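S.K.: fold the stuff below for me.
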Amino acid sequence: MDLGKVGVGLVTATDEQVKVAIHNLLNDSSTSGILDFLSVRSSVQVRVVNGRSIDWWTSPAMLVHAVAQNEKLGGSGLEIGLGGGTDVVNKEHLNRKILSIVGGERSTFDIWGVAIDVNLESEHQGKKAGPFIMVTVIAALLVVGATYKSYWATTICGIGLALVIIWLKGLSALVGIKSGLVIDLVVPIGMISLGVDFLVHALGRYKEELKYRKIPLIAFQIGLPSVSIALALAMLSDSIAFLSNLSSSIEAVIHFGAAAAIGVVSSFIILGIVSPLLAMKVDEYLSQCKYTFKSKKWFILKVLASCAVACASGVVVIMVVAVSKFYGVLVLGLSLAIFIVLPMVVLGLLISKKDSMKRPDVSVTHISHKREIMAEMISTLVLKSVSNRVIVIFLTTIVTLASVWYALRLEPTFDVKDFFDSSSAFVVGLDKIDEHLGKKGGEPGVVYIEGDLMDPKVVSVISQFIDSLREVDSIAETPSGEITIGLNIVNVSKMIMGDPYAINQILETTGVIMTDHDQNGIPDTKDQMKQMFSSLIERGLSNYQGSFILKPEDVRGAVYYSGSGNDITTVSFQIPGTRDQSVVGRVEKELTPMLETLEASSKIMKVGLTGSPFTRDVQLSASTKTLYTSLPIAVIAATLLLMFAMRSLKYAVVTVIPVILVVTWLYGIMYALGFALNFVTAMIGAISIGVGIDYSIHMTQRYREELRGTDDPFKAISTAARGTGLALVASAASSIVGFAIMGMAPMPMFSSYGQLTAIMIFLSLLASLVVLPSMLIFATKIGSARSE
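M.R.: Take a look at the predicted model:
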């Protein structure tokens, strides 16, 4: 039934009239392909309507494709993935508008887009995660402030972190590093932990010297040089660790390594050198000021001001990385004026001209009793570990071997739910596809074919290749029996040769008679092929009513006809279950010999496998390969650097071992907790190298420094634990609290980043305070420690 012929449309037609029309469509060979758009859960019954027996179809869902003129949208093919350019994002805006129009004011049905707006959805969910990133910064700063019980520690750290992010963004742009998810969010967030670590160790050592030296300038002159070697080694080792990612073949990973190295150097300069210098100048002002600022009123004011500067710094960071760099810099300038310049000016005015001599003040030299207790607890923990070092090393070996076993079972996987909120319309749309397409559809894969495609023998070879796709178990066959989707040179040829009206159109426009003596659906001669596609590309193909069956742009999208024997077509097919990346690997493995056979044809110049499943598989494999290659590079390079700086191979090796342990433990835990190995989690592995080497270097350097003044390695490790160990705990605590908050973000990409980074920092702390001291004692010759 043609509804138009009986004078009704879909709005006015009865259910029975619609069912009859659907029956007619599905039983007509020229339109039966619409079966592919119905759910696999559809059902059919034989019913009698108006005395006629029909197939009464019922389907809970259907697919609707909207085809746009790609040439007017910037060209290029279908691209589903993060990091799309302006053309891709503009297409996504159009997709959303089409979805809105098709959906209308719906009341009897629901509609979902299927992977139509991945970049826009990423931006939307990233903005929802923005407050969590901001709170991560705020929490880390407040922990630093609480650790030192200092408004100035909070302020200097907050403004310093904001400056590091601005340096990172500016210098990255200056050297040509492309903006993207990794550079915009992953690297800046990672710098929170590393930046805080630089500040805590530099400031902590200065404060430690201030406890004994009393005079800020002298404490700075002694404290900073003492820790500067460790800071410089940490900076160089971190940079080496991140730059080892330059061995990757993926541009995003290379840019990650370069940007992270820029961030590390920026953190070293701003938070490791300039910030302690500013803290010293503040303490000089405080030591000369006649006011002690110890009243309850001042305490409340300092707490409120600390919260304010932490919030302002968090706002600056999130604005610079996700909203507006201009306004971020503007807020930073205001924060700098309000929270640093103004208080410094007030302090300067409060300093009595008659009392310009520096005198110690309790507000400068006081070390809280709680910090002393914490230092003693850390020292006790470390001494217990080294006293039972054989047991510690044995247990570490067992845990590490188990972690290696788990880590090696971690496979690269991709599930959109690892990146986007599972309740979002984007994810629900993909779930609906899985539910209603099942094994009859999936993510498109594409075979690229270039050669003399106007030769009927070549087209016949391609046709045989398409038929052979049915032998690949993981490639979907549609309900209508098709193994490919979209247009290609084979199905366009068969469409023409199977339609006498179309053949007659070609005859009228070209004067060439189309023949197919071997009944394979392909014109018999090269000239016929050329004339047919020349006509189709120029005029398209119409039915007897004058409506387009094939528009010229449709044909141009299916076949690039060069006229010189260098033509191009693509063959698209569907792969169900690509959330499990191993499925993609199996398909590629089965297709490889088939593609080699296809490329062996004398007139086919190039054959390639592409499409989002395969490009993603390459990216995931390369990310994994980068992790496996960059870790040895980073370890070897860091060992050589430390050996040169420490002039000791054994201490260099002992310092690097905890890094390997942390990475191994982290990936073992990832497997045990059900995390996937993907691009983001691979980046966390790279960051863990940087954090782990930082913690180890600080502990080793402090231990060797204390060892120079005593023959007792246990006393040296105890003193190192009380000073550097306390700084490690403060640094780790601030980062863990911050990243634990990020772990509650609604976007899984950020929540997993936060959770795993918090775990990684804890593991780094554990390795530095429990395992490393035991190895340091083993590496030290008892009785001749002073010479070590």
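S.K.: isn't residue 559 right next to residue 571, touching?
M.R.: No: using Cβ atoms under 8 Å as the test, residue 559 is too far from residue 571 to be in contact (11.4 Å). All C-beta spots, glycine's among them, are computed from the backbone N, C-alpha and C.
S.K.: overlap of the contact sets of those two?
M.R.: Residues touching both residue 559 and residue 571 (Cβ atoms under 8 Å, 6 or more residues apart in numbering): residue 488.
S.K.: contacting residues for the residue minimising distance to the centre of the chain?
M.R.: Geometric centre of the chain, nearest residue: residue 680, 3.8 Å, by Cα atoms, centre = their mean. By Cβ under 8 Å, 6+ apart, the contact list for residue 680 reads 186, 418-419, 749, 752-753.
S.K.: can you check the pLDDT for it?
M.R.: Here, the pLDDT recorded for residue 680 equals 70.
S.K.: is it true that it lies in a helix?
M.R.: Yes: counting by DSSP: H, G, I helix; E, B strand; the rest coil, residue 680 is part of a helix.
S.K.: and the contacts of residue 680, which of them are buried?
M.R.: Buried members of the contacts of residue 680, scored by 16 or more other Cβ atoms under 10 Å, are 186, 418-419, 749, 752-753.
S.K.: out of everything not next to it in sequence, what's closest to residue 285?
M.R.: Setting aside the residues directly before and after it, residue 285 is nearest to residue 347 in space (Cβ to Cβ, 6 or more residues apart in numbering), at 4.2 Å.
S.K.: that neighbour contacts residue 283, doesn't it?
M.R.: No: look at residue 347 against residue 283 with Cβ under 8 Å: they stay out of range, at 10.5 Å.
S.K.: settle it for me: which of those two has more neighbours?
M.R.: Set side by side, residue 347 and residue 283 show more neighbours around residue 283, with 26 against 18, by other Cβ atoms under 10 Å.
S.K.: quick check, pLDDT for the more buried one.
M.R.: With respect to pLDDT, residue 283 has a value of 76.
S.K.: any idea which element it lies in?
M.R.: helix 275-288 (DSSP states H and E).
S.K.: please apply the same query to residue 492.
M.R.: Here residue 492, judged by DSSP H and E, is contained in helix 489-497.
S.K.: which neighbouring elements make contact with the helix holding residue 283?
M.R.: Packing partners of helix 275-288 (3 or more Cβ pairs under 8 Å, 6 or more residues apart in numbering; DSSP states H and E): helix 151-174, helix 187-213, helix 216-243, helix 342-350, helix 362-365.
S.K.: next helix or strand past the shortest one?
M.R.: Sequence-wise, the next helix or strand beyond helix 362-365 is helix 369-387, with elements assigned using DSSP H and E.
S.K.: enumerate every residue touching residue 20.
M.R.: 1, 49-50, 52, 54.
S.K.: after the helix or strand hosting it comes which helix or strand?
M.R.: For residue 20, the enclosing helix or strand under DSSP H and E is helix 15-26. Once the chain leaves helix 15-26, the next helix or strand it forms, by DSSP H and E, is strand 43-49.
S.K.: got a list of what residue 50 touches?
M.R.: Contact analysis of residue 50 by Cβ under 8 Å, 6+ apart lists 16, 20.
S.K.: average pLDDT for stretch 486-499, rounded please.
M.R.: Across stretch 486-499, pLDDT averages out at 87.
S.K.: which residues does it contact?
M.R.: So stretch 486-499 is contacted by 444, 453, 459, 462-463, 466, 484, 502-503, 506, 514, 516, 521-523, 529, 532, 536, 541, 549-550, 554-555, 557-559, 567, 569-572 (Cβ under 8 Å, 6+ apart).
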